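Asker: have a look; sequence and predicted model below, questions after that.
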Number of protein chains: 2
Amino acid sequence: MTTKPGLAQPKPSASRARRERERQQMRARLLEAARDIAAEEGWNAVTIRRIAHKLEYTPPILYQYFSSKESLFVELMLVGFSELTARLEAAAEAPAPQRLAAMAEAYWAFAFASPELYQAMNGMDGVPFGTAETPPEAKTAFRTFRIALQSIAEARGAELGDPGGAVDTVWAFLHGCVSLAMAGRVKGGTERARALMLNGLEPLFAAQLSS
Amino acid sequence: MTTKPGLAQPKPSASRARRERERQQMRARLLEAARDIAAEEGWNAVTIRRIAHKLEYTPPILYQYFSSKESLFVELMLVGFSELTARLEAAAEAPAPQRLAAMAEAYWAFAFASPELYQAMNGMDGVPFGTAETPPEAKTAFRTFRIALQSIAEARGAELGDPGGAVDTVWAFLHGCVSLAMAGRVKGGTERARALMLNGLEPLFAAQLSS
DNA sequence: ATCTAATGTCTAACAATGATAGATTTCCTG
DNA sequence: CAGGAAATCTATCATTGTTAGACATTAGAT
């Protein structure tokens, strides 16, 4: 043995990189398959065998890329936060007077464009969240939101008394509106729920301003 | 056959009533067992065999009282709405100036006193809600809330521009706060989440007043 | 070019789950 | 007491997530 056998140093040889890339692609394909099935038939229909079959593999293949079915769900949750962040960042570019509404509409649009991801992020049984530490993808989404809210306050010549609290408050309201709407629990349907959300947004935000 | 065999008339004979009563008691015991297990170990641990074993029965017993495991969940959801209604009604007795906060605290207290029911009511995968028609238990909770909000508005010499919309809006906010807090996604923990909820409540409600 | 070791994938099986059919017991009613 | 209905159990099913071990393929060193 010419080298210490303990920790295999990366050895960035020729095709080592390709193998790793292919591995990541396979992970992505598994995630996409699970997501597609969930989007079409709901999370109950997402089974290991269905995922594997969709890619023309056999069931145990999943465990070469994820430690369990649940860990695949967790990863999809992170994908969800990333996609949400992208939409929030885009909405933050809106001119200041409409920026608040744009953020809310971005949140809403994400939820209804990808309900399967939204469900994976919120409340789907089996996805722990607060139990472990908050994942960085969620922190990023939160930070994007905070910066946007602060910029809106600034544009009004005020500032947020408690920026973190303001984000939590607004986020909770948006989530509540989406959650009830998605469950079909708002009388006038989703269109009305969206209007109620936009109505409540402004006073809720204004109350977060200080000085 | 002396009578039409089609629809068996009730025949309210002697002990027929007791049988029916016992049947309802057994249903209640099954529901309670499921709820207890969920409260102690989470909904994932609620299995047909666990429920039956807890009552010293064999698994198929459940199907003599419920058409499926899911239908038992749905029934527990209804129990949840009933218990929530009871708390809301009690809170509606508070003096007008504190009544709004009392309603919110009642909602919060219910959620954290019976998280297993709260989860069964909201978002737990496998419990359809908006799909079918809204169950009467949920309508009752909603109505209790609406009457309370209207009474608060009246006490302030105003009225709600859109009573139904006001309830949906406030409800969404409360649900969002509880949901995020329960998932451990509010920075300062549940105590802070509760404070944020109470802070946001007033401006959100005030914006629902008209004239 | 060939041998060896690692990597990827499959076959076969496991225990646990929700659910059903049919036998069996228990209990009411006539 | 007899007959039937109601309640419960035994045994079994297909499906689920998961693992162990065999097989094949490829990478890297000789």
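Answerer: Noted; the coordinates are in hand. Only a predicted model underlies this, so the values are computations on that prediction, with no experimental measurement involved. Numbers count the residues shown, from 1 in each chain, chains lettered A, B, ... in the order given.
Asker: any residue of stretch A:144-153 up close to chain B?
Answerer: No: using CB under 8 Å from any CB of the partner chain, stretch A:144-153 never reaches chain B; the gap is at least 11.1 Å. All C-beta atoms are positioned from the backbone trio N, CA, C, and that covers glycine.
Asker: how far does that stretch sit from the chain's center?
Answerer: Distance of stretch A:144-153 from the chain centroid (CA atoms, centre = their mean, to the nearest Å) equals 19 Å.
Asker: what mean pLDDT does that stretch have?
Answerer: Stretch A:144-153 shows an average pLDDT of 98 in the prediction.
Asker: and if you look at stretch A:99-117?
Answerer: pLDDT averaged over stretch A:99-117 gives 98.
Asker: what does stretch A:158-173 give?
Answerer: Stretch A:158-173 carries an average pLDDT of 98.
Asker: who in chain A is up against DNA strand D?
Answerer: A:11, A:13-16, A:18-19, A:46-50, A:59-60, A:62-63, A:68-70 (CB under 7 Å from any atom of the strand).
Asker: and the lengthiest helix in chain A, what's buried?
Answerer: Secondary structure of chain A per DSSP state H: the longest helix is helix A:16-41. The neighbour-count check on helix A:16-41 (16 or more other CB atoms under 10 Å in any protein chain shown) flags A:30-31, A:33-35, A:37-38 as buried.
Asker: buried set for the helix or strand that comes right after it?
Answerer: Downstream of helix A:16-41, the next assigned helix or strand under DSSP states H and E is helix A:48-54. Going by neighbour count (16+ other CB under 10 Å), the buried part of helix A:48-54 is A:48, A:51-52.
Asker: quick check, nearest of these to DNA strand C?
Answerer: Using CB to the nearest atom of the strand, residue A:52 is the member of the buried residues of helix A:48-54 that sits closest to DNA strand C, with 6.9 Å.
Asker: residue ranges with poor pLDDT in chain A?
Answerer: Low-confidence segments of chain A, defined by pLDDT under 70, are located at A:1-14, A:124-133.
Asker: one step back: farthest-apart pair in the buried residues of helix A:16-41, please.
Answerer: By the measure CB to CB, A:30 and A:38 form the most distant pair in the buried residues of helix A:16-41, at 12.7 Å.
Asker: outline the domain layout of chain A.
Answerer: Here the domain parsing of chain A from automatic domain parsing is A:15-66, A:76-210.
Asker: and the ones you listed: which comes nearest residue B:75?
Answerer: Smallest distance to residue B:75 across these (CB to CB): 17.6 Å, for domain A:76-210.
Asker: give me the distance between the two termini of that closest one.
Answerer: Terminal residues of domain A:76-210 are spaced 38 Å apart (CA to CA, to the nearest Å).
Asker: quick one: distance of it to the chain centre.
Answerer: 11 Å.
Asker: quick one on the thing from earlier: kindly reformat the buried residues of helix A:16-41 as JSON lines containing distance to residue A:181.
Answerer: Below are those laid out as JSON lines (distance: CB to CB, whole Å):
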{"residue": "A:30", "distance to residue A:181": "30"}
{"residue": "A:31", "distance to residue A:181": "26"}
{"residue": "A:33", "distance to residue A:181": "28"}
{"residue": "A:34", "distance to residue A:181": "25"}
{"residue": "A:35", "distance to residue A:181": "21"}
{"residue": "A:37", "distance to residue A:181": "23"}
{"residue": "A:38", "distance to residue A:181": "19"}
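Asker: DNA strand D: which of the residues you listed is nearest?
Answerer: Here the nearest of the buried residues of helix A:16-41 to DNA strand D, counting by CB to the nearest atom of the strand, is residue A:34; it sits at 9.7 Å.
Asker: looks like the closest one contacts residue A:77 (just checking).
Answerer: No: Residue A:34 is beyond contact range of residue A:77, at 11.6 Å (criterion: CB atoms under 8 Å).
Asker: list the contacts of residue A:84.
Answerer: By CB atoms under 8 Å, 6 or more residues apart in numbering or on different chains, the residues touching residue A:84 are A:107, A:110, A:121, A:141.
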